[in-house]
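Visitor: Model the structure of this input:
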Amino acid sequence: FKSMLDAAQPQPRHFPKSLGQMYVQQPSEALRLSQCKEEDVIYQPNSNQYPVIIRLETVHSGDSGEGGRGGVQSQSTFATFTKLLEGGFAIKVLKQKILVGGVSYELQEIYGIEQNTEEQDGPDNARECVICM
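Guide: Numbers count the residues shown, from 1 in each chain. Prediction:
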């Protein structure tokens, strides 16, 4: 993935192996929407450019994988900004992909889950997906 903003080139961070990792973004790495045109931060359908891509990657040491890097597994989240009525922007996930063993998979919503929100249904009226029924 390549950033359209020169100042926003991603810098990899390395963490020790463990659960519960927390990433804290440095102020110098913040995305400044005021420096972007509105049409650049809102996804255009059928486009191959996404305003926000968040990639989490793990590298396993060993002989497997290309270039002696070991096996790489990753999750990429593709998102866009949506304009709020009261001003400002919110972020919305469009799709997610995972890479496992050199094969890329696009994650799909479980039927019924994407429409089920607490705001619509309330906590006591939660609908279950077909699998959960």
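
Visitor: which strands and helices sit next to the host helix or strand of residue 59?
Guide: Assigning secondary structure by DSSP states H and E places residue 59 in strand 52-60. If contacts are counted by 3 or more CB pairs under 8 Å, 6 or more residues apart in numbering; DSSP states H and E, strand 52-60 sits against strand 71-83. Quick note: C-beta positions are derived from backbone N, CA and C, even for glycine.

Visitor: so what does the strand it packs on touch, helix or strand wise?
Guide: Strand 71-83 makes packing contacts with helix 38-41, strand 52-60, strand 89-100 when contacts are defined by 3+ CB pairs under 8 Å, 6+ apart.

Visitor: Is it possible to get TSV of the ones you listed that adds mean neighbour count and distance to residue 24?
Guide: Converted to TSV, the helices and strands packed on strand 71-83 look like this (neighbours: other CB atoms under 10 Å; distance: least, CB to CB, whole Å):
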stretch	mean neighbour count	distance to residue 24
helix 38-41	12	23
strand 52-60	14	14
strand 89-100	13	18
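
Visitor: Mind putting these into TSV with mean pLDDT?
Guide: As requested, the helices and strands packed on strand 71-83 are arranged in TSV below (pLDDT from 0 to 100):
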stretch	mean pLDDT
helix 38-41	84
strand 52-60	84
strand 89-100	90
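
Visitor: okay, the ones you listed in JSON lines with distance to residue 13 next?
Guide: Converted to JSON lines, those look like this (distance: least, CB to CB, whole Å):
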{"stretch": "helix 38-41", "distance to residue 13": "24"}
{"stretch": "strand 52-60", "distance to residue 13": "10"}
{"stretch": "strand 89-100", "distance to residue 13": "18"}
